[in-house]
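# Fold the following for me, if possible:
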Amino acid sequence: MEKRLFNDPEDIVSQMMEGSLMMNPKLRSIPHLGVLYRADAQTPEALARVALISGGGSGHEPAHAGYIGKGMLSAAVLGRVFASPSIDQIVAAIRVVAGDKGVLLIVKNYTGDRLNFSIAAERARMEGHRVELVMVADDIATGIPGKLQRGPQGRGLAGTIFVHKIAGAAAEEGKSLDEILEILKRVIPSLATLGIATSGCHHPQGGESFSLDSGEVELGLGIHGEAGVTRLKLKSQVENKKVADELVDMVLNPLVQSLSSEEVRDGSFALMINNLGTTTPMEMAIVARRCRTYFQVEGNSKLKIERVICGSIMTALDMSGFSLTFLPLFGEISKYLDAPTEAPAWPRIFPQDVDNFPKISQEFSAENMEKPPSHLTLSWNSQLEQEIFLKILRQVSETAVAQVENFNAMDQVVGDGDLGNSLKSGGKAILQVLDDGKFPGNSAGPSAQLQILAGILQRSLGGSSGPLYSIFFLKMSSRLQELSDTFKLNPKKAWAEAFLAGINGISQLGNSQVGDRTMLDALFPIQQTLHENSTSWLNNSIEAGRRGSESTAKMLPKKGRSVYLGDRVLGHRDAGAEAVVILWESLCRVLE
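Numbering: from 1, shown residues only. Now for the predicted structure:
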């Protein structure tokens, strides 16, 4: 049996947080919400400065909790392994650290993070907080081999930690939110990161993310276990004693080429050498050595490297490999990098004095989303309708839990392999509410119950699944309420139109459409059959969804993490679309 240093995989994040609190007495937590924050967050001194929040899925340690401290982050929000934190988690973090000077959210450019942090920012603004958001996209691997370049489609990688440090130092200096944003407008587009791996990583609830044959490496990969944009064969063999140098050159050559001639001519740079997980300190030192000889001995570049930061900065669990990041040192950037910080994971660590910090109450709770909204007045036509709805919820939720390994396996081929974990989490949350008797019965009609369902999924589903499934049911709820008269006379027609509203909600939020290789390719064909009056409409809807899912095997990805794999996904169905079909089949079994 494989020996791993965790207990129940479901408890990994919470137990890791407990350990973090033990190791760093300058941290506080919001129980059950995956939020760690500075112990002095509510002191007058801290509230008089711009608060900085970052976060994302766990598995990237020491990012992001290791960068909480004076001079860097005010708080970090921790999702499940490789899954974005929920909107409620992010809003809770904003509430606990927000002061009069506002809050800056530093977000890595991944779909789930982008969606959840954006919606959380809007919710916090509605509460009266000044919240701004910056998106870090430092990855130069665009998914087009031979055309590695910086751009807005890049993923957020280790360069994000440079943003933490610069923004944190500027905030500690007393700069306003607008002034920090102005600095980052130049910093973020100038970052360039590229990673390479000699092995995949092992998800606590799954297998190895990808496997490599002897002499193979993945270039241009992210930090969630997904494969790179290209797989390369090493020219050197171990006996030639040049493997490490060749790996470094594979990364440095395209990185240098991605820089403009003006950047190379006019500026000095900071270089971050980041351990992706299990690369040993000995190997990291050899990587650093090759970077030095590349620039200083052989003269391959005119870049002036004035700062070198090396270590485990942002990891991908136990992946073996490294990434390199360039940061131009213009203006006062060097000063901000050199400024002191109490964040323990930043390579320049200073002594910590914990005696003078007041104890902050940990009693913070999320809003109770299970209470039926009062403005949704549509009622069920009969007790039987409501009973069928609850049976559907239970049946689909049980299917989501039972299919976890199947969904993960499908997703591992085209993404990061955690779709099953996300859907299982949502299914378990719904089943718990049903079993505890907390799901409203006769006191709430279909519109109210759909909105309650959206709230449950918003909190329990990780990554991009949470906001997408949540918006689907929110839009269904609103449309069904609008169709109150139709619902009384022809409920099937009302449900069909509400279903379409949900699909349109996903399309708008995800900026996607049919043909983009997403869940929409299964949902839309299903919806097209819902107006049928034949007795076989249930089977027809299943077959339509199945044909839609099968069609994705021939599509190049345009959205989601599989976009970075390009044509390597051809021949494999989109996992999100296939999951829709399986869940829809389970729904239809109740209606038969």
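# quick one: secondary structure of I94?
Secondary structure of I94, reduced to three states by DSSP: H, G, I helix; E, B strand; the rest coil: helix.
# Apart from its chain neighbours, what residue comes closest to it?
Leaving aside its sequence neighbours, I94 sits nearest to A124 (C-beta to C-beta, 6 or more residues apart in numbering; 4.5 Å). Just so you know, the C-beta spots here come from the backbone N, C-alpha and C atoms, and that holds for glycine as well.
# Which elements pack onto the helix or strand where F473 lies?
Applying DSSP states H and E as the criterion places F473 in helix 465-482. Helices and strands touching helix 465-482, by 3 or more C-beta pairs under 8 Å, 6 or more residues apart in numbering; DSSP states H and E, are helix 111-126, helix 419-435, helix 446-460, helix 491-510.
# wait, which of those helices is closest to L384?
Shortest distance between L384 and the helices and strands packed on helix 465-482, using C-beta to C-beta, is found for helix 491-510: 11.4 Å.
# Can you check what angle separates the closest one from helix 446-460?
Inter-element angle recorded for helix 491-510 and helix 446-460: 30 degrees (by axes from the mean of the first three to the mean of the last three C-alpha atoms, to 10 degrees).
# now what about helix 491-510, what contacts it?
Residues from elsewhere that reach helix 491-510 (C-beta atoms under 8 Å, 6 or more residues apart in numbering): 111, 115, 381, 385, 464, 467-468, 471-480, 483, 486-487, 512-513, 518-520, 523-524, 526-527, 530-531, 559.
# Pretty sure the residue nearest to I94 sits against V91.
Yes: using C-beta atoms under 8 Å, A124 is in contact with V91, at 5.7 Å.
# ok, back up a step: next SSE downstream of the helix holding F473?
Helix 465-482 is succeeded, C-terminally, by helix 484-489 (DSSP H and E).
# From the contact counts, what lies against that following helix?
Helix 484-489 sits against helix 491-510, with contacts defined as 3+ C-beta pairs under 8 Å, 6+ apart.
# and with 10 Å instead?
helix 446-460, helix 465-482, helix 491-510 (3 or more C-beta pairs under 10 Å, 6 or more residues apart in numbering; DSSP states H and E).
# In it, which residues are buried?
Neighbour-count burial for helix 484-489 flags T486, F487 (criterion: 16 or more other C-beta atoms under 10 Å).
# Can you give me every residue that contacts the residue nearest to G168 when sequence neighbours are not counted?
Nearest residue to G168, sequence neighbours excluded (C-beta to C-beta, 6+ apart): M72, at 3.7 Å. The contact partners of M72, by C-beta atoms under 10 Å, 6 or more residues apart in numbering, come to 38, 52, 54, 64, 66, 161, 164-169, 171-172, 339, 341-346.
# hmm, 8 Å instead?
By C-beta under 8 Å, 6+ apart, the contact set of M72 is L52, H164, K165, G168, T341, E342, A343, W346.
# start to end distance for stretch 71-91?
Stretch 71-91 has its terminal residues 22 Å apart, counting by C-alpha to C-alpha, to the nearest Å.
# what mean pLDDT does that stretch have?
Stretch 71-91 shows a mean pLDDT of 96.
# Next secondary structure element downstream of the least confident helix or strand in the chain by mean pLDDT?
Across the helices and strands of the chain, mean confidence by mean pLDDT, DSSP states H and E is lowest for helix 261-266: a mean of 68. Next helix or strand after helix 261-266 toward the C-terminus (DSSP H and E): strand 268-275.
# How far away from the center of its chain is the next helix or strand along the chain from that following strand?
Per DSSP H and E, the first helix or strand lying C-terminal to strand 268-275 is helix 281-292. The chain centroid and the centroid of helix 281-292 are separated by 30 Å, computed with C-alpha atoms, centre = their mean, to the nearest Å.
# elements contacting the next helix-or-strand element following helix 281-292?
Counting by DSSP H and E, the next helix or strand C-terminal to helix 281-292 is strand 304-311. Here strand 304-311 touches strand 268-275, helix 281-292, helix 333-338, going by 3+ C-beta pairs under 8 Å, 6+ apart.
# Of all these, which one is nearest K428?
Among those, strand 268-275 comes nearest to K428, with 34.2 Å by C-beta to C-beta.
# quick one: average pLDDT of the helix or strand encompassing T399?
Assigned by DSSP H and E, T399 belongs to helix 383-402. Helix 383-402 shows a mean pLDDT of 93.
# Tell me how far the next helix or strand after that helix lies from the chain's centre.
Under the assignment DSSP H and E, the closest C-terminal helix or strand after helix 383-402 is helix 404-414. Averaging C-alpha positions (C-alpha atoms, centre = their mean) puts helix 404-414 17 Å from its chain's average.
# same question, stretch 52-59
The answer for stretch 52-59 is 8 Å, by C-alpha atoms, centre = their mean.
# With stretch 499-513 instead?
Its chain's average C-alpha position is 20 Å from that of stretch 499-513, according to C-alpha atoms, centre = their mean.
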